[in-house]
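Visitor: need a structure here:
(one chain, ligands or ions: 1)
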Amino acid sequence: MGAFDGKTVLVLGGSRGIGAAIVRRFAADGAKVTFTYAGSAEAADKVAAETGSSAAQTDSADRDAVIARVRESGPLDVLVVNAGIVLFGDALEQDPELVDRLFRINVHAPYHASVEAARQMPHGGRIIVIGSVNGDRMPVPGMAAYALSKSALQGMARGLARDFGGRGITINVVQPGPIDTDANPADGPMKELMHSFMAIKRHGRPEEVAGMVAWLAGPEAGFVTGAMHTIDGAFGA
Ligand code: NDP
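Guide: This next block holds a predicted model:
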């Protein structure tokens, strides 16, 4: 018996990194998992084959495609919005098109996907969005748009918790610190700087984030909503 036997889970952005770990965790615990990806078809096929989950190409920058994907998934027990991108560089030099694309992927997609999922979600449904400790703390220059996007998720979760609470649906934000993925490799050039901010001086593992997501999706977390859950080795403390 798996903890999520018979449950239907959709993970937006599940081909690599934290999202792939979340797909693996739910699939191992018995859920029927579908996940989206944008560019990494090969990685997506590999995760799908390994886990028995289904991969669907859906660009989170495309609002209508995201809404359609969620709608076509039918009633979901769990929605996880993980897809997110980072933009580094001088705010005065950044291409506004790229900044707006980041907002579409990191903010608009989580909002529209959450609302669309709630339309069909049964009582006890769970929405979990992957934010960042940078929603609370941004200790370096060049990442303001990213920090803004992750702070925005906090307001979204607080508000939608009120909208959906009466139907027993919870919505929470998981806020990782540095996690070892393609986007932030543990042996990358920023390693020393990032670890200098932390009490536990290492990158986290994607599986550690997936563990927190699984707890929030499980039966013990029914009273937890509209809240931020930081998993960061005290990066933000
Ligand atoms: P990766 O870049 O390693 O993986 C990102 C995943 O999201 C991939 O599966 C990618 O699929 C998918 N994705 C990206 N853009 C899109 C898109 N437009 N449409 C659909 N899917 C997309 O990132 P991480 O695993 O590191 O990060 C995952 C989440 O965790 C993000 O929201 C990030 O902001 C957050 N986070 C990460 C931290 C870290 O240190 N790693 C720290 C704090 C938060 P594909 O390759 O197919 O496009």
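Visitor: gap between the residue lying closest to residue 145 once chain neighbours are set aside and residue 91?
Guide: Counting by C-beta to C-beta, 6 or more residues apart in numbering, residue 145 lies nearest to residue 99, which is 4.9 Å off, once chain neighbours are set aside. For the C-beta atoms, the positions are set from N, CA and C on the backbone; glycine is no exception. In this view, residue 99 and residue 91 are 9 Å apart by C-beta to C-beta, to the nearest Å.
Visitor: intersection of neighbour lists for the two?
Guide: Both residue 99 and residue 91 are in contact with residue 145, where contact means C-beta atoms under 8 Å, 6 or more residues apart in numbering.
Visitor: tell me which parts of the chain are close to the ligand?
Guide: For the chain, the residues in contact with the ligand (C-beta under 6 Å from any ligand atom) are 13-19, 36-40, 59-61, 82-85, 105, 130, 132, 176, 178-179, 181-184.
Visitor: please type out the PyMOL selection for whichever of those turn out to be buried.
Guide: Buried subset of these, written as a PyMOL selection, criterion 16 or more other C-beta atoms under 10 Å:
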select buried, resi 13+14+15+16+17+18+19+36+37+38+40+59+60+61+82+83+84+85+105+130+132+176+178+179+181+184
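Visitor: what about the residues of the chain next to the ligand, which are in strands?
Guide: Judged by DSSP state E, these include 36-37, 130, 176 as members of strands.
Visitor: possible to save the residues you listed as TSV with distance to residue 205 and pLDDT?
Guide: Putting these into TSV (distance: C-beta to C-beta, whole Å; pLDDT from 0 to 100) gives the following:
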residue	distance to residue 205	pLDDT
36	23	99
37	21	98
130	15	99
176	10	98
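Visitor: hmm, who's touching the helix or strand encompassing the residue nearest to residue 145?
Guide: If you go by DSSP states H and E, residue 99 is part of helix 96-103. Here helix 96-103 makes contact (C-beta under 8 Å, 6+ apart) with 61, 85-87, 145-146, 148-149.
Visitor: now the following helix or strand past it: mean pLDDT?
Guide: Using DSSP H and E, the helix or strand that directly follows helix 96-103 along the chain is helix 109-120. Summarised as a single mean, pLDDT over helix 109-120 is 98.
Visitor: buried residues in helix 109-120?
Guide: For helix 109-120, by 16+ other C-beta under 10 Å, it's 109-118.
Visitor: and for stretch 39-52?
Guide: So, applying 16+ other C-beta under 10 Å, buried residues of stretch 39-52: 40, 43-44, 47-48, 51.
Visitor: can you pull the contacts of the closest residue to residue 58 other than its chain neighbours?
Guide: Excluding its sequence neighbours, the residue lying closest to residue 58 (C-beta to C-beta, 6+ apart) is residue 36, at 4.1 Å. By C-beta under 8 Å, 6+ apart, residue 36 lies in contact with 10-14, 55-58, 60, 69, 83.
Visitor: how long is stretch 36-45 from one end to the other?
Guide: Distance across stretch 36-45, first residue to last, is 11 Å (C-alpha to C-alpha, to the nearest Å).
Visitor: tell me the gap between that stretch and the middle of its chain.
Guide: In this view, stretch 36-45 has its centroid 16 Å away from the chain centroid, taken as C-alpha atoms, centre = their mean, to the nearest Å.
Visitor: next: stretch 2-10.
Guide: 18 Å.
Visitor: ok, longest helix in this protein?
Guide: Ranked by residue count under DSSP state H, the longest helix found in the chain is helix 144-164.
Visitor: which parts of that one are buried?
Guide: In helix 144-164, the ones that count as buried by 16+ other C-beta under 10 Å are 145-154, 156-157, 160-161, 164.
Visitor: can you list contacts of it?
Guide: 84, 86-87, 91, 94, 99, 102-103, 106-107, 110-111, 114-115, 118, 121, 125, 127, 129, 131-132, 134-136, 138, 170-173, 175, 225-228.
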